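Asks: need a 3D model of the following:
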Amino acid sequence: MNSEQRLTVSSPPGSQLRLKLGSRKLELETGRIAKQANASVLVREGDNIVLVTVTATREPRPGIDFFPLVVEYREKMAAGGRIPGSFNRREGRITDQEILTCRLIDRSMRPLFPSGFRNEVQIQATVLSAHEAGDPASLALLGAGAALHLSDIPFEGPVLGSRSALYRGRTVLLPVRAERDEAESDLIVSVGPQGLVMVEGEAAEVADDAILEQLFTTIEELEQQRPLLDSWRQECGKAKFPFSSPETPSEWSEHVESQSGAGLREVIQIAGKSERNERTSALKEALLSSYDPEDESLADQRAAAAEIFKALQKRLMRERVVSENKRLDGRGPEEIRPIWGETGWLPRTHGSALFTRGETQSIVTCTLGSEKDRQLLDTVFGTRKESFLLHYNFPPYSVGEVRPLRGPGRREIGHGNLALRSLAQVLPGEDEFPYTIRVESEITESNGSSSMATVCGGTLALLDAGVPLARPVAGIAMGLIEEGNKIAVLSDILGDEDHLGDMDFKVTGTERGICALQMDNKIGGLTREVMEKAMLQARSGLGHILACMDEIHGAARKGIAEHAPQMRSIRIQPNLIGKLIGPKGATIKGIQETSGAQVSIDDGGLVKIYASEGHCAIKAYEMVQQLVGEVRVGESYEGTVTGVKDFGVFVKIYESAEGLVRQQDLKGQQPQQGSKLRVTVKGVDERGRIQLGLS
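Replies: As a prediction, this is how the structure comes out:
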């Protein structure tokens, strides 16, 4: 069959939906590809194409008390016209960026499945074509919500999600790469029928009210597209297969209440996590032992008892918060746990901090390296290097558990990324501080908000290492209890308050504004009023935490740590790069051999000098300056007289910089050829000639 014949073959019919987010036009298609799945949606935006499929088992998985949702997102290298760089030239293990997209989809969809649903569900998104300016992660998020809405899987959608940027003072949905790179803030937002479901993003110290306005504008634009998805479901969606949450007979609940109610009311007043957990486990064990294991008629009731016990514990905790304003550890809704810590306590590290807030604690270290230590990332769009790394570790002992040590899980990748995005907003530029920076957080104790402890401890470790941060960054996790018409927003939540509450809203920022935020909820949607109250309360908490951090750190370190590598940088004119490198690299190699330092230069003229000892870096810096250095107007330099004329003297400051001190500016002095002279740069004319005066 020739190409002309292939072009005439008709394609199976499908159904299309066209959406518009801001100025971006999208096309969603179903019914033509991956028809064996419960539903599939092909999402197109320009040259970007993402296939999203959803599948589910017809029966629940037995013996579990959680919803087994699995999300997989993969970017095919072929989508960007690349062959993988691995040995066998196949895509390898899932990347961190793919994991982060999986988490975005999971957190957006999970709250809208019905309570008690235990069927296995898998969402798989595959990037088939990708343009560097596009955003396949947003397309995958949008496609997942649409596919679940069209499928026969029980789901209370639709969910719509998109990236949103605050670009030049206005909110832009589905921004292109150039807009994202210049944006003041970059958010990914998901909304459902009841309002905001999930948000995550970063911001360059943007004011709280500006972030909220961007968020609400994004929500409004997304909600405008919901009727179109509902109409599309009516046109080509499948009937949902029957599911109803299992009902608990009242006598079963009464038995749990009579056996455990009084004990649980005492337990929720115990402040310490370990003691509270031990007492809770003892009550639960006593409850389960009250059912005769030999009595088969009680088998179903005994199996349901754990869920009923958990529901009772949740209800009692929540009632105490909204009725008495008392939390599990006795705090009021806005109280922050006690904070203490120290810096510089690990002598051979470049920077270290111990940060403790209540029963959550982190040891954070900061290590400085050279350009050679950068992380090389292979993506669908090509390779790139990262100079700032943050790794978050959550060992089992931090929560008193025993389990094997493996690599970082998806939760650890997500928490580390949130802390990284927070701290990245205040790091110095590469010209000012040309180091590779690695921050590592080891959670040694956890009772909620461990990622926020990483942000606080990370700030302290960076400062201890001598990294010149713009401002300190702190983090706080906010919670929500909504019972009927009563609402309580909680500051600095515990692990149980996260588990038994309705919201986990993490906010990081400086005294000037927001650096990052992440919000999940378990009730399907949050209102504007709740978000405004949570943000206002978070700002108050951040101020308190920043003040505590200031006391812990004290005066800023002058210069980097003694054990850290020494590094200098200088920017030269691009036309002088060849002179610095020399024939076949002879000049730059000579500088390295003479000084004992490593010297590198990029295409823009940024020269980086790295050495294990300070005097080596200084020697190399001076040699580079002498060869290709530039002078600055108003600065003073010591130069050598290279020529004496009637109208003045020529003074060489560097090999590439020689200027004239006119006779009238010599003030009666008569410098000789070869003598040293302290001069000030008065100006540089349009031809590059340097005018000098005596200092």
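Asks: tell me the contacts of the residue lying closest to residue 211 once chain neighbours are set aside?
Replies: Leaving out its chain neighbours, the residue that sits closest to residue 211 by C-beta to C-beta, 6 or more residues apart in numbering is residue 514, at 5.0 Å. Where you see a C-beta, it was placed from the backbone N, CA and C, and this is true even at glycine. Contact analysis of residue 514 by C-beta atoms under 8 Å, 6 or more residues apart in numbering lists 185, 203, 205-208, 211, 507-508.
Asks: partners of residue 514 in the sheet?
Replies: Per DSSP bridges, the residues bridged to residue 514 are residue 206, residue 509.
Asks: if I look at it, how far off is residue 442?
Replies: 27 Å (C-beta to C-beta, to the nearest Å).
Asks: ok, residue 408 next?
Replies: Distance from residue 408 to residue 442, by C-beta to C-beta: 12 Å.
Asks: and if you look at residue 658?
Replies: 55 Å.
Asks: isn't residue 692 up against residue 660?
Replies: Yes - between residue 692 and residue 660 there is a contact under C-beta atoms under 8 Å: 6.3 Å.
Asks: pull up the overlap in contacts between these two.
Replies: In contact with both residue 692 and residue 660: residue 651, using C-beta under 8 Å, 6+ apart.
Asks: more crowded one of the two?
Replies: residue 692 (25 against 18; other C-beta atoms under 10 Å).
Asks: dump the residue contacts of that one.
Replies: By C-beta under 8 Å, 6+ apart, the neighbours of residue 692 are 639, 651, 659-661, 665, 679-682.
Asks: let me have the residues you listed in a markdown table, extended by distance to residue 116 and secondary structure.
Replies: Below are those laid out as a markdown table (distance: C-beta to C-beta, whole Å; DSSP: H, G, I helix; E, B strand; the rest coil):
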| residue | distance to residue 116 | secondary structure |
| --- | --- | --- |
| 639 | 82 | strand |
| 651 | 84 | strand |
| 659 | 82 | strand |
| 660 | 86 | strand |
| 661 | 87 | strand |
| 665 | 88 | helix |
| 679 | 82 | strand |
| 680 | 79 | strand |
| 681 | 76 | strand |
| 682 | 80 | strand |
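Asks: can I get those residues in JSON lines with distance to residue 604?
Replies: Below are the contacts of residue 692 laid out as JSON lines (distance: C-beta to C-beta, whole Å):
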{"residue": "639", "distance to residue 604": "28"}
{"residue": "651", "distance to residue 604": "29"}
{"residue": "659", "distance to residue 604": "26"}
{"residue": "660", "distance to residue 604": "30"}
{"residue": "661", "distance to residue 604": "33"}
{"residue": "665", "distance to residue 604": "35"}
{"residue": "679", "distance to residue 604": "29"}
{"residue": "680", "distance to residue 604": "29"}
{"residue": "681", "distance to residue 604": "24"}
{"residue": "682", "distance to residue 604": "28"}
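Asks: export those residues as TSV, with columns for pLDDT and distance to residue 394.
Replies: Listed next are the contacts of residue 692 as TSV, based on pLDDT from 0 to 100; distance: C-beta to C-beta, whole Å:
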residue	pLDDT	distance to residue 394
639	85	58
651	85	62
659	86	60
660	88	65
661	85	65
665	81	67
679	84	59
680	86	57
681	87	55
682	86	60
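Asks: put the buried members of those into a ChimeraX selection.
Replies: Selection command for ChimeraX covering only the buried members of these, criterion 16 or more other C-beta atoms under 10 Å:
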select :639,651,659,660,661,665,679,680,681
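Asks: any idea of the pLDDT on residue 571?
Replies: pLDDT recorded at residue 571 is 87.
Asks: beta partners of it?
Replies: Going by DSSP bridges, residue 571 forms beta bridges with residue 606.
Asks: any idea how far it is from residue 608?
Replies: From residue 571 to residue 608 the distance is 10 Å (C-beta to C-beta).
Asks: ok, which stretches of the stretch 551-695 of the chain are strands?
Replies: 566-571, 598-601, 606-611, 636-645, 648-654, 657-662, 676-684, 690-694 (DSSP state E, counting those that start in this stretch).
Asks: quick one, the fourth one and strand 690-694 angle?
Replies: Put plainly, it is strand 636-645. 100 degrees (axes from the mean of the first three to the mean of the last three C-alpha atoms, to 10 degrees).
Asks: which residues does residue 249 contact?
Replies: Contacts of residue 249 (C-beta under 8 Å, 6+ apart): residue 301.
Asks: any weak-confidence spans in this structure?
Replies: Scanning the chain for pLDDT under 70 picks out the ranges 1-10, 555-556.
Asks: report the residue ranges of every domain in it.
Replies: Listed domain ranges for the chain are 11-236, 250-324, 339-482+523-553, 566-628, 636-694 (source: automatic domain parsing).
Asks: can you get me the start-to-end distance on the longest one?
Replies: Read it as domain 11-236. 18 Å (C-alpha to C-alpha, to the nearest Å).
Asks: no further questions, thank you.
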